[in-house]
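I would like to see how this sequence folds:
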Amino acid sequence: MNILVTGGAGFIGSHTVDMLLVKGHKVRILDNLQKPVHLKGKPGYIPEKAEFILGDVRDKAALEKAMQGVDAIYHFAAYQDYLPDFSTYFHVNSVSTALIYEIIVEKNLPVQKVIVASSQAVSGEGLYRCEEHGELIPDIRLEEQLSKGDWEHHCPYCGKYMNYMPTPETRINPQNQYAMSKHSQEIIAVNLGKRYGIPSVALRYSIVQGPRQSFYNAYSGAMRIFNLHLYFDRQPTVYEDGMQIRDYINYRDVVDANLMVLENDKADYQSFNVGGGRAYTVIDFYNRVQKVIGKHIDPVIAKYYRYGDTRHIFSDISKLKSLGWEPKIPIEESIDEYREYLESQTDIDDILEYAEKTMMKKGVVRAVK
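Here you go, the predicted structure:
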């Protein structure tokens, strides 16, 4: 097949490109090499066998050119950050997805499948259970609660603490700008796909980990933050109390899911959770990072929080597993792969202090009163 990968110079996109080439497909990449993710320009790992087009997915002419002659599209290009530039999330994520379908329909392109990269964030705070009132989907925790160091979700009816549960695809409650833009992408892809007979799939990735994650994107998560702090012998900040539940998955398991839904018609017109299948607390994850790296630095705990973060989120992956996929890579292997990747770099700047100050200035990171 001839396959277009938007955002193919990025983390998940580039690894998917590699495997598509291994499988014998012809691959074209459309990427604008947006800073700060691609602070150093075009990455050296982009294979020569893949055609590369420098362009923005919001540019209809550039996107239309990139879509000529392709049989399938992976849409990974996205805007990810914590900063409150709300319109950019929708301009990049939502508009580009709508443009893909607009061009297919306008030009009657014979695209056989579109696969959109969504996010676990679409589930918002996820599914909880109150012993008295049953299953509930809570809204975002607000400043009044978090500023007091009260981290857990309370039942809105009785006020008691609730217990988190694995969250299936049917539970949707996006709470921040990134999550809402990703949900809109899913709606555009699945609904327009059905309407115009364009097989489409949305994959809701949990926290994906591995080499090629940008060192310069504040959004890129705990693996980047903890490894960079240990690399520079600095004390990391663990937000809230470190007992937040998270769901991590290796990039190779994600690539396997990406290729499976390309080839499996049973996935068409659906959204799927793509997670690691095991829950970890943030502090447990940091302890595992320290053990694999062989370095110990006590973190700062319970003094700061990142406004808009979920308390606990753990994806139910049974739906995707029913199609024959399952995660295979243990978390320690993900950590070791990222450690090797970090240590192989020769020009890593210490941007941690800048990133932290920027998020505080923007009101993303806040102190407990």
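
how about low-confidence regions in the stretch 101-250 of the chain?
Low-confidence segments of the stretch 101-250 of the chain (pLDDT under 70): 217-220.

go again using 80 as the cut-off
For the stretch 101-250 of the chain, residues meeting the criterion pLDDT under 80 lie at 214-221.

do a quick rundown of the helices in it.
Along the stretch 101-250 of the chain, the segments classed as helices by DSSP state H, counting those that start in this stretch run 143-146, 177-196, 222-231.

C-alpha coordinates for the last one, CSV please?
This means helix 222-231. Extracted as CSV, the C-alpha positions of helix 222-231 are listed here (Å, rounded to 0.1, in the frame of the first residue of the first chain):
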residue,chain,number,x,y,z
ALA,A,222,6.9,11.3,33.4
MET,A,223,9.5,9.2,31.5
ARG,A,224,11.1,12.4,30.1
ILE,A,225,10.8,14.4,33.3
PHE,A,226,12.2,11.7,35.6
ASN,A,227,15.0,10.6,33.3
LEU,A,228,16.2,14.2,32.6
HIS,A,229,16.2,15.1,36.2
LEU,A,230,18.3,12.0,37.1
TYR,A,231,20.5,12.7,34.0
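
how distant is it from the center of its chain?
Offset of helix 222-231 from its chain centre (CA atoms, centre = their mean, to the nearest Å): 17 Å.

who's in contact with that helix?
Residues outside helix 222-231 that contact it (CB atoms under 8 Å, 6 or more residues apart in numbering) are 207, 209, 213-215, 217, 235-236, 246, 248, 282, 285-286, 289-290, 293, 295, 297, 334-335, 338-339, 342-343, 348, 350, 352. All C-beta atoms are positioned from the backbone trio N, CA, C, and that covers glycine.

list only buried entries from those residues.
For the contacts of helix 222-231, a burial check counting by 16 or more other CB atoms under 10 Å picks out 207, 209, 213-215, 217, 236, 246, 248, 282, 285-286, 289-290, 293, 334-335, 338-339, 342, 352.

out of those, which sit inside strands?
Residues of those located in strands (DSSP state E): Ile207, Gln209, Arg246, Tyr248.

I figured the last one hits Ser334, correct?
Yes: counting by CB atoms under 8 Å, Tyr248 does reach Ser334; the two are 6.8 Å apart.

what sits in contact with each of these two?
Both Tyr248 and Ser334 are in contact with Gln209, Met223, where contact means CB under 8 Å, 6+ apart.

thinking again about what came up before, for the helices of the stretch 101-250 of the chain, which one sits closest to Glu106?
With CB to CB as the criterion, Glu106 lies closest to helix 177-196 of the helices of the stretch 101-250 of the chain, at 10.8 Å.

neighbours of Pro84, how many?
Residues near Pro84, counting by other CB atoms under 10 Å, number 14.

give the contact list for it.
For Pro84, the contact set (CB under 8 Å, 6+ apart) comprises Gln177, Lys362, Gly363, Val364.

pull out the buried members of the residues you listed.
The neighbour count (16+ other CB under 10 Å) marks Gln177, Val364 as buried among these.

make CSV from the contacts of Pro84 and add distance to Leu230 and secondary structure to it.
Formatted as CSV, those follow (distance: CB to CB, whole Å; DSSP: H, G, I helix; E, B strand; the rest coil):
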residue, distance to Leu230, secondary structure
Gln177, 31, helix
Lys362, 26, coil
Gly363, 28, coil
Val364, 23, coil
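
and the angle for the one helix or strand Met360 maps to with helix 222-231?
Following DSSP states H and E, one finds Met360 within helix 352-361. Between helix 352-361 and helix 222-231, the angle comes out at 130 degrees (axes from the mean of the first three to the mean of the last three CA atoms, to 10 degrees).

remind me what helix 352-361 packs against, helices and strands.
Contacts defined by 3 or more CB pairs under 8 Å, 6 or more residues apart in numbering; DSSP states H and E place helix 352-361 against helix 222-231, strand 365-367.

how about residues contacting that helix?
Tyr82, Leu83, Ala218, Ile225, Leu228, His229, Phe232, Arg234, Thr237, Arg306, Val365, Arg366.

what's the most distant pair in those?
The most widely separated members of those are Phe232 and Arg366, with 24.0 Å between them, by CB to CB.

the more surrounded of these two?
Ranked by neighbour count (other CB under 10 Å), Phe232 and Arg366 place Arg366 first, with 16 against 13.

wait, that one touches Tyr305, no?
Yes: the pair Arg366 and Tyr305 qualifies as a contact (CB under 8 Å) at a distance of 5.9 Å.
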